[in-house]
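Trainee: Sharing a model prediction with you, sequence too.
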Amino acid sequence: MKKLQGLPFLRGALLRYVRKAGVLLSFFLLMAVLTATAQQEEAARGILTRKVSYKATNAPLSRVLKDLRKQMDLRFTYNSELIGRQPAVTVKVEQSTLETLLKQLLKNTNLRFSVEMGAIMIYEEKPATTAIPSPGDKVTGVVVRGQITDPAGQPLSGVSVKGLESKEMTVTRPDGLFFLIATPNEQISMTLLGMKPLVYRADPNKTDIMRFMMDTIARDIQEVVVNGYQKIDPRLSTGSYFKLKAADIIEPGQPSVDRMLQGKVPGMMIVNNSGGVNAKPNIRIRGTSTLVGNTQPLWVIDGMIRPDPVNISNALLNNLVSEGSASNFELMGNAIGGLNPYDIESITILKDAAATAIYGTRAANGVIVVTTKRGKEGPMQVNYNANVSFQARPSYRNLMLMNSQERVTFSKQMQEDHVLYNDYYAGMEEELTYEGLLRALYARHITEAEFKERVATIETRNTDWFKLLFRNQMSMQHSLSLSGGTAKTVYYASASYAANNSSAKEDGNKVYAASFNLRSQVTKRLSLDVSLQSNYRSARTYFQGVSPLTYALQTSRVFSPDDYYPLRAPSTSGSNSPLKYYAPPITMNMLNEIAHTENTSTQSSTSLNLNLDYKIARGLVFRNSSSIITDAMDGFAAADEQSYYISNTRGWAYGTIPEPKAVTSSVLPYGGMAYIQNQQALSWGLRNSLDYSRGFFEERDQFNVSLGNEIRSSKTNANVAVEPGYFPDRGKAFAPADRSRKDLSSQVINSGLDNTVSYYGTLAYSLMNRYIFSGTIRSDGSNRFGQFSNAKFLPNYSLSGRWNAAMESWFPATTLLTDWQVRASYGTQGNVVTAVSPNLIATYGSPDRPDQFGQPSLRIKSMPYPDLRWEKTYQWNIGTNFALFDNRFRVSVDYFSKKTVDVLDNINIPYEYGMNTMYRNGSTLYNTGWDASVDVSAIRRKNTQLSFTLSTGKVKNRVADRVFQEDFFLLLNGGARIAGKPISSFYSYQYTGLDPVRGIPTFGKLNGKPSNNPDDLLVYSGQLLPVITGSIQPVFRYKSFSVSAMFYVSLGSSKRLNDPFRSSQLTSNGVPSPNANVPRDYLTRWRKPGDEKYTDFPVLRDLGIDDRLRIPYLYAKSVGIDQQLITDPYTAYKVSDLRTVRNDYLRCNAIRLGYGIPFNKLAGTGLKNLTVNASVNNVFTIANRRLEGQDPEIEGAGTSALPLSRQYSLSVNASF
């Protein structure tokens, strides 16, 4: 279905937000301009006031300047011919300023000097004036001023700019600026590794600052490959990897770096299960390699592994948290949750064994290497980035749901059809809905006139729950960085603040981050790199079970926001047993529920990295990398006694007086509930290596060998507590009743220690730059295997090669085919599930809850498994990349196959063991597929460029073995592991139509013999995860203006439609609750025989015992159970093939407009670069029509997912 929405009409509060944001941005820019202008003047004075001691006798001026350049690490720009004509100089100064020395050197000449762009410019003075020349003044030679950028418009630093005749040479600064004195009409070359060289002819008539754009050469050889352990010479790279630069990563408005990567990396799938700013996306690189452990890729920042603050899968396996409480830990983010995206220099995704084998047992899920920015030589440069975004709230516009009038008509139809209602099955006494008013009329609580008046009122109420629970929300991000330094020591420092808010009112976070890096060449042999990163993150979202999206979709619009409608009958112990019919029911009001529940967390993280390089001899370098990371997390979720959540647990509505018996039997007679979680983690790593690199045969061949060892340790301490009797309005005090303390209170303290020792070696050789061979071997040892030594150390290896066909003598020297490479690799990767132990793990129960014999109980968590082994992945990869039409058309394609053996899974065991299942190595997984990227430069002119980038990947996986007898109902939600099927496979009931007499759904395959084969009972519906993902990114540039877009495509998945309505209390009831909203399609449901020919929407009716469906599912013999499962037609209808759709979709993720202010227009402002960008995210989606407004990507109604809504962003980037 195509969802195209126009721009919202911004008024009122939203416009005030815009004005405030504009004032804030203007203030920041003004302060930055003033600061930068002062700093620029101060930098010039700082160069000239540097102290110097120098002596020369009758020396050529050119030699003196070269001596000063080397001694003081200065940059001079002058015309060599002009300097060569000057007389010899004699000078002697002691601790004099550089300005004084230069004046002495030039006092007998007509030469003058000035400081421009961090360099000293020497020029010939114009006759009859002493003024410093402007760009239009006549000087000897031609002053060439310019800025060099990449195709994305980002400044290029370190570009070598050289006059081919005068031999004058300079390099560009971090902002891409340079100036050079050339002879008239001299050819000037501009070169940089990985970029196509440029040649410009100096024109004496052009005095303005000119812009030059350098195009990239073939992607795979354009620059050094960073794998986290090494910086690999591109001539020696053989692995499959993909690199993104900083300009490719930034997505204004996105709350985290991982969400910015969607669709940009071939072979990496990113699915946003929720639109909330605290939600973590589901990331897979080349499929799934484990069933029980963490399936997320490994994050590496500046060469050191960054663990997740909390491993949710491990916590669940260890019973540390319940499924319902896991959302509290989800708030705490992932390994890069607090990383400032503007601090990133590049991200490299390592995919095949050749690229990841060096990570050993941590690489089975792929590796994402983040390299942060470093300082560059030159005066201090200030960069400021600001982004303000507005997220539009969702609406009912594209949803096929009933309005108030339609819902009342629907209720009237049910009355005409004699649909049965009673207090237990269909609801409680109320006068808010049509059903409640009709009951009140029949009971003579209201007159017929009152009935008609109140029905007319609710027919036109049409409450907009989206407007009440969501809003047009503003977010902002600010980042300020400082960088600079000398030739020996450079620095980079940054500070950032982000306030991210989703369209849901109570979902948001704030992130404060700071970083500092210092890189120093201490001696000719020793260099140090020290970096410190720290961040603090506070987050808030909804309490478990409180979902504003589900509520807006499933709640009738006849209610007013202040209505409290009955949802549960009162009970004596929190169950559904009736207390007294005259007792008031337990009521629900969503605004009240949000006000009296909370879910917050805070997280702080600090990391310190130290990298040391010591050159022992030519080509031989000792490297040391050390890191320490501390994480502290605190989570707090609570519901007080006024919430429906607590009222339902308590057994009666807040504000009512229960019977004395109800008070004594209630597990929570007073107070609320609080769920408290905190965790501290300390991780450290130490790595040492010896690297030897050398060129042979006059650098024709390249050789590299590296040997190293690594030690890693991670210690965690976690505390999870459930505390009843919580009173937030009484100083957040706790006063639990005795039974509450015994039955509900719990506290779990969990400590974990994960130690790893590793040894590794790499070898690479490039023969004539045509044939490259590489190998890696690594052995890992882990304490996770305890005293059992059978699998402590696991060797991993890889062998790979690359053929540069373009370097062969027979390769055609034409622009048709300009590059061609072929690569292949084979190797192993490993994985350890740290939550599974070879030892017996048991816990003692609470002494307040003894067993039937009055003794404390011993609870077994996991059975001993002394044969516990690593999960091992074998992967081979073959790929090629080529370039056509003078590099205008570049293609990279890889095909891979992965086999993972000894995969941990559950296996059924006899009851004699005291448990149903245990973990065991034994499953096998297969992942095969391909990934590809295509870059097309359709237009490549000086002022106009048009390019297209296509990234795509396909992954097909299957489970080879079935070692666990699945719960039948897991087959229906994608949680089952089925031999021969993909990992996220799910089944559906086979819908065969509506019963022509009764109108209830009917299903096939349920009348056969008992079987444990799902294909005998159900129909296969596909998989939840997509098979193919990809993106298309067109980019158009004209001079300083740019426009780009991102179109993301997902193919091959299937999806359940949202449940049509919320049923009444009993699950087998086929009647919508009076408080539930219903799709419009139910106005044309089955109502009489013959309707089955025109509709697939069943009759609405209560069901008796005879209407239930019996499922002939046969459990495994080891379970010791021979039983039949029972469901009802309406439950089966919701998970039938009729309610399942193919979930292919195309989403326009973003459209962006950008404008870079020309440098000559910034003259005198102190600004070196100013770029303004505007973007719209989540522009439109084209999906299956049957979804009827349901988002194809996020999880559906009934979950905690929040919607993905349209977002508008305005960002500013300024350099000073």
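Mentor: That came in fine, so what should we check first?
Trainee: Residue 532 and residue 516 touch, don't they?
Mentor: Yes - using C-beta atoms under 8 Å, residue 532 makes contact with residue 516 at a distance of 4.9 Å. No exception for glycine: its C-beta is placed from N, CA and C like everyone else's.
Trainee: now the strands: where do they sit in the stretch 1051-1200 of the chain?
Mentor: 1054-1056, 1109-1111, 1125-1127, 1140-1142, 1145-1156, 1169-1182 (DSSP state E, counting those that start in this stretch).
Trainee: Quickly compare those strands and say which is most buried.
Mentor: strand 1054-1056 (a mean of 24; mean count of other C-beta atoms under 10 Å).
Trainee: Give me the below-cutoff pLDDT ranges for the stretch 501-650 of the chain.
Mentor: 571-582 (pLDDT under 70).
Trainee: can you give me the strands for it?
Mentor: Applying DSSP E, counting those that start in this stretch to the stretch 501-650 of the chain gives strands spanning 508-521, 526-540, 565-568, 586-588, 597-617, 620-639.
Trainee: Over to the residue most central in space within the chain. Which of the three states is it?
Mentor: In the chain, the centroid-proximal residue (C-alpha atoms, centre = their mean) is residue 258; its distance is 2.0 Å. The three-state label given to residue 258 by DSSP: H, G, I helix; E, B strand; the rest coil is helix.
Trainee: which ones are touching it?
Mentor: 270, 280-281, 283, 334, 336 (C-beta atoms under 8 Å, 6 or more residues apart in numbering).
Trainee: Go again with 6 Å.
Mentor: By C-beta atoms under 6 Å, 6 or more residues apart in numbering, residue 258 lies in contact with residue 281.
Trainee: same deal with the one 5 residues further on?
Mentor: Residues in contact with residue 263 (C-beta under 6 Å, 6+ apart) are 1031, 1048.
Trainee: the helices in the stretch 251-400 of the chain, which residues?
Mentor: 257-260, 312-317, 326-330, 353-356 (DSSP state H, counting those that start in this stretch).
Trainee: and of the strands of the stretch 501-650 of the chain, who's closest to residue 1156?
Mentor: strand 508-521 (26.0 Å; C-beta to C-beta).
Trainee: Mind giving me the packing neighbours of that closest one?
Mentor: Judged by 3 or more C-beta pairs under 6 Å, 6 or more residues apart in numbering; DSSP states H and E, the packing partners of strand 508-521 are strand 489-501, strand 526-540.
Trainee: What are the buried residues along the first one?
Mentor: Read that as strand 489-501. Within strand 489-501, the residues that count as buried by 16 or more other C-beta atoms under 10 Å are 490-494, 496, 498, 500-501.
Trainee: rewinding a little: quick one: common contacting residues for residue 532 and residue 516?
Mentor: Among the neighbours of residue 532, none is also in contact with residue 516 (C-beta under 6 Å, 6+ apart).
Trainee: where does residue 461 land in three-state SS?
Mentor: Here residue 461 is recorded as coil under three-state DSSP.
Trainee: And for residue 867, the neighbour number?
Mentor: 13 (other C-beta atoms under 10 Å).
Trainee: now do the one 3 residues further on
Mentor: Neighbouring residues of residue 870 were enumerated by other C-beta under 10 Å; the total is 27.
Trainee: That one against residue 794, yeah?
Mentor: Yes - counting by C-beta atoms under 6 Å, residue 870 touches residue 794, with 4.5 Å between them.
Trainee: Find residues that contact each of those two.
Mentor: residue 830.
Trainee: Who are the contact partners of residue 507?
Mentor: 276, 541, 1202.
Trainee: And for residue 739?
Mentor: With C-beta under 6 Å, 6+ apart, residue 739 has these contacts: residue 667.
Trainee: That one in helix, strand or coil?
Mentor: helix.
Trainee: go on, the one 3 residues further on?
Mentor: Remark: residue 742 carries the secondary structure label helix [criterion: three-state DSSP].
Trainee: Count the residues that sit near it.
Mentor: Around residue 742 there are 15 residues (other C-beta under 10 Å).
Trainee: Could you check how far it is from residue 637?
Mentor: 22 Å (C-beta to C-beta, to the nearest Å).
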